[in-house]
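> this one's structure only:
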């Protein structure tokens, strides 16, 4: 334990430096979906590579893909008997808009109270820097007791379109016993938890075209159909009054929740009131017969992520728009698959789109849902690490969000992924005023130190 | 008739100068709804005032309002026995977006074939310049046989919010026997027509708010309602499968079409095939039991003019939006009133909006529908003028669009408005590639010359 204590003490004595590292990475607006930020994305990759080199990692490289690069680096000095862990993370972030709702510049990190506010703070630069600082604490004191590889990608927020190819092309380089995935969180600042299941994703655009060009709504209104109205009707028909999704066969592949699992989920502290408070919605809504927690983590959903048609500026433009567009995505649960719900959505549109418009359905991105084993050695090591840092055993929970790489890594490298991160449900992920809770950041560093030592013992 | 011929000859000999005048006015981007174009709007007003001064008009003034100014000028030399005509027009135009669909710069007028392409060409700078050129032709030859006042406003495209106050404050100045309203059109290049009825307008914004801020659709999707989905459902419910608007009491004030009027409308050349060709829509759609012409001119409608929620840029942002907005407008027919359909829409939302969102309904602008007398002296004079220029008698038709000032002038000045303009149904009003048919422009100048002489005879 003296080894661990030296590293823990190092981490505690260097908290200010850890915070400065975090701020430095957060200042880089590495928005992967916007082409004008391509050089910023590259810069974030290089920042991480420089840190790995400074720590003495070998084979450090910013490796190109068809899109944004992957940062790789390895520390293989723990010996052949020690386990080899692949740390996965992503250095890219979501767009920051709507900018006017941010209380401070999304790329000028500000500490207010116990939180640091910036785009990417919780999702997931905070975890990347926490792990780098944990590694530093061990290397500078007792030494790193495991073999460690880093694979930090730059396209998670756009669905990791090139990561599968990258992993397939570098199977030997990436070979490992376990993937440690930091893109995760815990239930509350004083409530450590481990995520054992993730939802998948299928993301679409629907384009509806009515007249050949925008028309004057006075001259032509009434004679032809309105594509915005048609799109609204199509979307309205995608769910029924009980919150069930009406696409044909949508629920066919859904693995039902067992009574045992529902009872276990019911022990978690996320009551319906908790969801109401977290979201600020006037009332909860969802699939009849399930709690809000079940709906948001263990049941599939369909959401409008965006919709646009016609004139949306200031004032009154009396236009009958030629076209309308919606971005619609579904969260999937085991054993649904993106290509199957794609078929369901297409079948729905083929049945319900009226002959007064033409339409196009585009599949944008998606990923499989996943469930990881709860009784594995890795989960048990993480459980002990969390318990030691927080002083209480972790809870086991499911995550509503998607981590595409988990399915890809299982398929290509044949290893499980352990989700171990320190975000909070109210961190405003993908939204204005994203934050990271600094006490979690510092506990996260200590948890990663303990977890790596537990794995080696 | 020698008087008329001198003026007609003058007009024919100066067609090039007329076209240059039109281009000069079209080059000014007088978009009334966009505050960044305020100085352009002012510039358009001053351009017209300068032309009136050059023609020898008196009391020429660019008169301020709370919004954009009104151009006034008068020629009162025809004597007390001659009629006094108020020429109404508007020098403001609609926004030009979406810019990428224009084949040439909307504010750099280009002649291609028989048409001139520019924003505002048909709606309605073409008519303003045509009338100015008709007046010039008479003044430079036989003299203007009527007393004439100009009232050219700059806020028609935003619903003329200050024109009512302006007219009320200047009733004596504007006193007249008839209003000549140039904001109109004919059925086809070889088919002169006179509009005897106009639809009204009621334009709204609906704002729906769900969660307090944008949420991650993975973390929260399923637990709370989606305001974009809710807005789609509300809009979908506003009409039934037969194209009837479902707002409570919406049709209560609608004056039914008589069998005689339906028979008369059926004689017009706008078959359902014509509407299909004009719009380029895959199929027609509208209220069951009516022809497309009836639906677009003599029946009320409800259209989505714009809708916006969430992320609408490139790529995939997995956001559950906090809010959604739609611009929705209704075209009204006699004897509907904007305030009555406003009540109907509010009642609908109160009944149908779910408790999972909050909502706000904003009335943006509106105007009364109108019907003008077909057997009046003015309509007969216009009929003779059109017949002489085109060589055939005009048809009588209803217009689907709205001209708010017609109702305002009837109420405040107690005179009818004669609609006499030369736009075409395919002029792309309010849409990309707006155009004006140049043969109509030149015939329009001659028609205005003949109309003013007919009124004086």
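All right, it came through fine. Quick caveat: nothing in here was measured; it's all calculated off a predicted structure. Residues are numbered from 1 along each chain as shown, chains lettered A, B, ... in the order given.

> in contact with the closest residue to residue A:139 other than its chain neighbours, which residues are there?
Spatial nearest neighbour of residue A:139, chain neighbours left out: residue A:55 (5.8 Å); criterion: C-beta to C-beta, 6 or more residues apart in numbering or on different chains. From N, CA and C alone the C-beta is placed, and that goes for glycine too. The contact partners of residue A:55, taken as C-beta atoms under 8 Å, 6 or more residues apart in numbering or on different chains, are A:75, A:132, A:135-136, A:139.

> ok, residue A:140 next?
A:7, A:10.

> the helix or strand bottoming out on mean pLDDT in chain A pairs with which strands, and in what direction?
None of the helices or strands of chain A scores lower by mean pLDDT, DSSP states H and E than strand A:370-371, at a mean of 82. Strand A:370-371 pairs in its sheet with strand A:193-198 (antiparallel), by DSSP bridges.

> what packs against whichever helix or strand comes after the strand it pairs with?
Going down the chain from strand A:193-198, the next helix or strand is strand A:200-209, by DSSP states H and E. Counting contacts by 3 or more C-beta pairs under 8 Å, 6 or more residues apart in numbering or on different chains; DSSP states H and E, strand A:200-209 is packed against helix A:227-236, strand A:323-332, helix A:338-352, strand A:358-367, helix A:404-413.

> could you rerun that using 7 Å?
Contact analysis of strand A:200-209 by 3 or more C-beta pairs under 7 Å, 6 or more residues apart in numbering or on different chains; DSSP states H and E lists helix A:227-236, strand A:323-332, helix A:338-352, strand A:358-367 as its packing neighbours.

> mean pLDDT lowest where, among the ones you listed?
Here these differ in mean pLDDT, and the lowest is strand A:358-367 at a mean of 94.

> now do the buried residues in that strand.
A:359, A:361, A:364-367 (16 or more other C-beta atoms under 10 Å in any protein chain shown).

> what's the spacing between residue A:134 and residue B:34?
According to C-beta to C-beta, to the nearest Å, residue A:134 and residue B:34 sit 54 Å apart.

> domains of chain A?
Chain A breaks down into these domains under automatic domain parsing: A:2-198+A:370-456, A:200-264+A:302-367.

> now do the next helix or strand after the least confident helix or strand of chain A against strand A:193-198, angle only.
The helix or strand immediately downstream of strand A:370-371 is helix A:377-390, counting by DSSP H and E. Taking axes from the mean of the first three to the mean of the last three C-alpha atoms, to 10 degrees, one finds helix A:377-390 and strand A:193-198 inclined to each other by 150 degrees.

> report all helices and strands that helix A:377-390 contacts.
Using 3+ C-beta pairs under 7 Å, 6+ apart, helix A:377-390 sits against strand A:193-198, strand A:417-419, helix A:438-456.

> burial-wise, tell me which of those comes out on top.
When the helices and strands packed on helix A:377-390 are scored by mean count of other C-beta atoms under 10 Å in any protein chain shown, the highest mean neighbour count falls to strand A:417-419 (a mean of 26).

> report whether that strand contacts chain B.
No: figure legend: strand A:417-419 not in contact with chain B (C-beta under 7 Å from any C-beta of the partner chain); closest approach 13.3 Å.

> tell me the mean pLDDT for that strand?
The average of the pLDDT scores along strand A:417-419 is 92.

> any regions of chain A where pLDDT drops low?
Filtered on pLDDT under 70, chain A yields the residue ranges A:1-2.

> would you mind measuring the gap between the ends of stretch A:391-399?
Start and end residues of stretch A:391-399 are separated by 23 Å (C-alpha to C-alpha, to the nearest Å).

> mind checking how far it is from the chain centre?
Here stretch A:391-399 is found 19 Å from its chain centre; the criterion is C-alpha atoms, centre = their mean, to the nearest Å.

> quick one: check that stretch for contact with chain B.
No: Stretch A:391-399 does not reach chain B (C-beta under 7 Å from any C-beta); its nearest approach is 7.7 Å.

> close to chain B: what parts of the stretch 51-200 of chain A are there?
A:94-95, A:101, A:158-159, A:199.

> can you give the contact residues for the least confident helix or strand of chain A?
The contact list for strand A:370-371 (C-beta atoms under 7 Å, 6 or more residues apart in numbering or on different chains) reads A:196-198, A:334, A:406-407.

> find the nearest non-adjacent residue to whatever residue of the stretch 1-150 of chain A ends up closest to chain B, please.
Relative to chain B, the nearest point of the stretch 1-150 of chain A is residue A:33 (3.8 Å; C-beta to the nearest C-beta). Nearest in space to residue A:33, with sequence neighbours left out and distances taken as C-beta to C-beta, 6+ apart, is residue B:315 at 3.8 Å.

> distance check, the one you found against residue A:35.
Per C-beta to C-beta, residue B:315 is found 9 Å from residue A:35.

> same check, this time on residue A:296
According to C-beta to C-beta, residue A:296 stands 32 Å off from residue A:35.

> so the two - more neighbours on which side?
A direct count of neighbours by other C-beta atoms under 10 Å in any protein chain shown for residue A:296 and residue A:35 places residue A:296 higher, at 29 against 10.

> does the more buried one count as helix, strand or coil?
Look at residue A:296: counting by DSSP: H, G, I helix; E, B strand; the rest coil, its state is helix.

> now do the contacts for it.
Taking C-beta under 7 Å, 6+ apart, we find residue A:296 in contact with A:400, B:220-223.

> run the last query once more with 10 Å
A:199, A:270, A:275, A:279, A:284, A:286, A:290, A:331, A:398-401, A:425, B:218-224 (C-beta atoms under 10 Å, 6 or more residues apart in numbering or on different chains).

> dump the buried residues of strand A:358-367 to TSV, plus distance to chain B.
Listed next are these as TSV, based on distance: C-beta to the nearest C-beta, whole Å:
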residue	distance to chain B
A:359	10
A:361	14
A:364	5
A:365	5
A:366	9
A:367	11
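
> buried residues in stretch A:152-159?
By neighbour count on 16+ other C-beta under 10 Å, the buried set for stretch A:152-159 is A:152-159.

> narrow the residues you listed to those in strands?
The strands, defined by DSSP state E, take in A:152-153 from these.

> taking the buried residues of stretch A:152-159 as a set, which two sit the farthest apart in space?
Largest separation among the buried residues of stretch A:152-159 by C-beta to C-beta: A:152 and A:159, giving 16.6 Å.

> follow-up on the earlier one: TSV please, covering the buried residues of strand A:358-367 and showing distance to residue B:390.
Putting the buried residues of strand A:358-367 into TSV (distance: C-beta to C-beta, whole Å) gives the following:
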residue	distance to residue B:390
A:359	43
A:361	49
A:364	54
A:365	59
A:366	61
A:367	66
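
> thanks a lot, see you next time.
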